[in-house]
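Here is my input; please provide its structure:
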Amino acid sequence: MLWLYPTAFALLALIPLLIILHTLRRRRRDVQVSTLFLWESVAREAHGTLGFHRLVQNLPLLLQILLVLLLTAGLARPVRTYPVAASKDVVLVLDVSASMQARTPQGTRFALAQQQALRLLDQLPHGRQMAVIAAGRQPRVVTFFTEDKALLRQAITALRASDAPGNMREALLLALSFTQGSSRREVVVIGDGAYPHLGDLDLRQHGIRHLRIEGGDTNVGITRLAFRKVLDADTDYEMLVTVQNFSAHPMTVPLRVTLWRYRLLERVLQLAPGQQETLVATVAAERRGVATAEIEVDDDFALDNRAYGVLAAPAQTWVLLVGESNFFLEKLLAATPGVLVNVVPGVTAEALPRLLEANQLLIFNGVPPPPLHQGNFLLINTVPPDARFATVGQVRKPRILDWDSQHPLLQFVDFSEVQVERALAIRPQGEARSLVDAEGTALLSVLETPSLRLAVLGFDLLQSDFPLRVAFPVFMRNVLRWVRPQQEEAAAGQIQAGMPYPVFFDLPVRQVEVQDPQGKRRDYTVSGNPWWFTEAERVGVYIFRAGEQKRYLAVNLLDAAESDINPANKVPPLGPEKASALPHDSMATAPLWPYLLLGAVGILLGEWLVWCRQG
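The predicted structure follows:
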């Protein structure tokens, strides 16, 4: 026990003063009486000057002395010291990746992780705080530092394991940024230890505690599924499917691929431990829709036993070619699958809105277009009536200096050997920018806004060797993908769970209805084209409806690292004694003066009762 203000003991000098006051004899006076017989006993009691017997029998004095002792001790501020284990604020990182859905004899891994997290919360000392981070595809801060245990309990119990692969590295880096090098904060990870992309991040080195959830080791999963339309065949698709055995023992795996209720493929696979088998087959699909690949096994991780793909007819792209006839351009467009071409000599401003509804791309070849405000356009050897495309004459035999090979229009396009006899001298301004720079001009420039996509090729194709080079069909293919990317998306129709997905619309829309794999529907406000859908968190098929337009999206796990629920390189459990050198036990103090004050109040009450009885 410690005394914080020992100088208060000087108040004990009041005790002798109290004794002196109580032992003082009254001053006697002489009184004449008729006899001394009755006063002999009184004389015997008054014998002695100190009156010790009277002191012992004086209960109020004893109570007052005890009151002085208690008040003095209280003013000296005594505290009780006792050892306590060192504690820290906790940054809890909870693994919510797909592998946490694996079954164990006690329940799913995630259910066990939640129980462990709640036990950790219950052990959090009073005054300490906790923050919670969910480690999914993208780490998410569930709650920042708080000591409100009711709020933390609610946040932990509300979490669910996702269908997406996890990114534990990013979650740990986020958690370490919360500690800011403080020795009074620690990071605690609760997960299954299957973190394949930690890289050079060493949990032990950073003092991270790892509470590993055990259980579940048998799994066979579908790790790849893809469909590709066979050219020149109306109903044939090439299908690729990969199945892998992640268990430690051989597995017999029945595989079935269906389209609606029609069976496209049925096999029985014999897989050794760790073996994967890839099947490539041509399947005939008379109908279009959602294909399902399924393996019939009873393992500990059911999420990867099924995968989905979309078989859709190639989207038709209507192209309107306006102006001068061009043999190379017309033949190339006509030979492109899914592209239908109409040719007109000219377009007026009044007819343009109606033509935009019927065509996904308008190409103006050598003729000036009307004012362009929305739609998809390719201008060849002409410029729009727009100040952002300033033209100052022509340039003869411009030498190409550089081009932006990262832009979607120029992917795999090589301009190094292209020769141009004559080109317009174009100076892009403002939002317009050059993609192919040449001496004195921009041979290719673009303008991209939410409602307008405009590419300007500043030379006549017949005044160059561009149509004779491999770069020309590649460029035109890029143009079609640039203005209508969903044509490429239709054949695949699938993404990995948790990834954002761009939805393209043929016509401007303001609202889209999304139906998730459970059949629940929700309306979203659309801003821009494409519109990015960021809530594809569950495996299954999503359906997008906007007016007459309809899109299918197949969402799968298809991640071998996540399907390997019991990898050989699991992160081991790391306790406080292993994860970091925690501080030694520290001493805590508890004040005792409130109890002394309470005792003093009791003494006062007792003295008052004595005074009342004697009165």
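
Would you enumerate the residues in contact with Leu172?
Contact partners of Leu172, counting by C-beta atoms under 8 Å, 6 or more residues apart in numbering, are Val93, Ala135, Val187, Val189, Leu198, Leu201, Leu203, His206, Ile208. Where C-beta positions appear, they are placed from N, C-alpha and C, glycine not excepted.

Enumerate the beta-bridge partners assigned to the residue lying closest to the last one once chain neighbours are set aside.
Put plainly, it is Ile208. Using C-beta to C-beta, 6 or more residues apart in numbering and skipping the chain neighbours, the partner closest in space to Ile208 is Val187 (4.6 Å). Beta-bridge pairing of Val187 under DSSP bridges involves Val91.

Please report how far Leu332 lies from Val446.
20 Å (C-beta to C-beta, to the nearest Å).

and what of Ile426?
From Ile426 to Val446 the distance is 11 Å (C-beta to C-beta).

quick one: which of those two has more around it?
Set Ile426 next to Val446 and count neighbours by other C-beta atoms under 10 Å: Ile426 wins out with 25 against 21.

Wait, the more buried one touches Val456, no?
Yes. Applying C-beta atoms under 8 Å, one finds Ile426 in contact with Val456, separated by 6.6 Å.

and for the two, which residues touch both?
With C-beta under 8 Å, 6+ apart, Ile426 and Val456 have common neighbours Val383, Phe389, Ser445.

Give me the buried subset of those residues.
In these, burial by neighbour count holds for Val383, Phe389, Ser445, counting by 16 or more other C-beta atoms under 10 Å.

Please name the bridge partners of the closest residue to the last one other than its chain neighbours.
By that I understand Ser445. Spatially, and ignoring its direct neighbours in sequence, Ser445 is nearest to Pro428 (4.4 Å; C-beta to C-beta, 6+ apart). Judged by DSSP bridges, the bridge partners of Pro428 are Phe389.

Would you check how far apart Pro428 and Gln374 are?
Taken as C-beta to C-beta, the span from Pro428 to Gln374 is 20 Å.

Those two: who's more crowded?
Between Pro428 and Gln374, counted using other C-beta under 10 Å, the more crowded position is Pro428 (18 against 14).

give the contact list for the more buried one.
Going by C-beta under 8 Å, 6+ apart, the list of residues near Pro428 reads Arg388, Phe389, Ala390, Ser434, Ala442, Ser445, Leu447.

gap between Val132 and Val90?
The spacing between Val132 and Val90, counted by C-beta to C-beta, is 9 Å.

Return the residues in contact with the residue nearest to Ile208.
Counted by C-beta under 8 Å, 6+ apart, Val187 has contacts Val90, Val91, Val93, Leu172, Ala175, Leu176, Phe178, Thr179, His206, Gly207, Ile208, Arg209.

which among the residues you listed gets closest to Val230?
Minimum distance to Val230 across the contacts of Val187 is 45.9 Å, recorded for Leu172 (C-beta to C-beta).

any idea how far Gly199 is from that closest one?
Counting by C-beta to C-beta, the gap from Leu172 to Gly199 is 11 Å.

ok, now Thr336?
43 Å.

Just want to know which of those two has more residues nearby.
Thr336 (16 against 8).

wait, the more buried one sits on Val479?
No. Thr336 lies out of contact with Val479 (C-beta under 8 Å); the separation is 10.5 Å.

All the helices of this protein, residue numbers only.
Here the chain has its helices, by DSSP state H, at 14-23, 40-45, 52-56, 59-75, 109-122, 149-158, 168-179, 327-335, 352-358, 471-483, 486-492, 560-563, 576-579, 593-614.

nearest to Pro6, of those?
With C-beta to C-beta, the closest approach to Pro6 among the helices of the chain belongs to helix 59-75: 10.1 Å.

ok, and what's touching the closest one?
By C-beta under 8 Å, 6+ apart, helix 59-75 touches 5, 8-9, 11-12, 14-15, 18-19, 22, 55, 593, 596-597, 599-600, 603-604, 606-607, 610-611.

and that helix with helix 593-614, angle?
Using axes from the mean of the first three to the mean of the last three C-alpha atoms, to 10 degrees, the direction of helix 59-75 lies 170 degrees away from that of helix 593-614.

Same question for helix 59-75: list its buried residues.
Neighbour-count burial for helix 59-75, counted by 16+ other C-beta under 10 Å, picks out 61-75.

just these now: which is nearest Asp236?
Of all the buried residues of helix 59-75, Gly74 has the smallest distance to Asp236: 94.2 Å, by C-beta to C-beta.

And that closest one, how far from Leu321?
99 Å.

same deal with Gly519?
For Gly519, the distance to Leu321 - C-beta to C-beta - is 44 Å.

ok, these two, which is more surrounded?
Leu321 (22 against 8).

Which parts of the stretch 101-250 of the chain are strands?
For the stretch 101-250 of the chain, strands defined by DSSP state E, counting those that start in this stretch occupy the ranges 103-104, 107-108, 130-135, 140-146, 185-191, 209-212, 220-229, 236-245.

Same question for the stretch 251-400 of the chain.
251-259, 262-271, 276-284, 289-295, 306-311, 317-323, 339-344, 361-365, 375-380, 389-396, 400-403.

Just say which of these is most tucked in.
Most buried of those by mean neighbour count (mean count of other C-beta atoms under 10 Å) is strand 361-365; its value is a mean of 24.

ok, and the closest non-adjacent residue to Arg224?
Thr242 (3.7 Å).

Kindly state the beta-bridge partners for the one you found.
Going by DSSP bridges, Thr242 forms beta bridges with Arg224, Thr278.

re the thing from before, tabulate the contacts of Leu172 in TSV, adding columns for pLDDT and distance to Arg119.
Listed next are the contacts of Leu172 as TSV, based on pLDDT from 0 to 100; distance: C-beta to C-beta, whole Å:
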residue	pLDDT	distance to Arg119
Val93	96	16
Ala135	94	19
Val187	93	17
Val189	95	15
Leu198	86	25
Leu201	87	26
Leu203	87	20
His206	86	23
Ile208	90	18
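
Now for the residues you listed: which two are most distant?
Largest separation among those by C-beta to C-beta: Ala135 and His206, giving 15.2 Å.

Show me which of these two is the more surrounded one.
Taking neighbours as other C-beta under 10 Å, Ala135 and His206 compare with Ala135 leading, 27 against 16.

That one and Val187, how far apart?
11 Å.

joint contacts of those two?
Common neighbours of Ala135 and Val187, counting by C-beta under 8 Å, 6+ apart, are Val93, Leu172.

in the stretch 301-450 of the chain, which ranges drop under the pLDDT threshold?
Low-confidence segments of the stretch 301-450 of the chain (pLDDT under 70): 312-316, 337-338.

about what we covered before: using TSV, please lay out the contacts of Val187 together with distance to Ala568.
Formatted as TSV, the contacts of Val187 follow (distance: C-beta to C-beta, whole Å):
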residue	distance to Ala568
Val90	30
Val91	28
Val93	23
Leu172	21
Ala175	26
Leu176	26
Phe178	31
Thr179	30
His206	23
Gly207	25
Ile208	21
Arg209	23
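
neighbour-wise, which of these leads?
Most neighbours among the contacts of Val187, by other C-beta under 10 Å: Val93, with 28 neighbours.

Which residue is the nearest non-sequential neighbour of Arg510?
Using C-beta to C-beta, 6+ apart and skipping residues adjacent in sequence, the residue nearest Arg510 is Val526, 5.7 Å away.

That neighbour touches Val509, doesn't it?
Yes. With contact defined as C-beta under 8 Å, Val526 and Val509 form a contacting pair (5.3 Å).

Find residues that contact each of the two.
Ala546.

ok, the nearest residue to Gly498 once chain neighbours are set aside - contacts?
Closest residue to Gly498 apart from its sequence neighbours, by C-beta to C-beta, 6+ apart: Ala164 at 3.0 Å. For Ala164, the contacting residues are Ser97, Ala98, Gly136, Arg137, Gln496, Ala497, Gly498, Met499, Glu537, Leu557, by C-beta under 8 Å, 6+ apart.

Recalculate using a threshold of 10 Å.
By C-beta atoms under 10 Å, 6 or more residues apart in numbering, Ala164 lies in contact with 96-98, 136-138, 496-499, 536-539, 555, 557, 559, 562.
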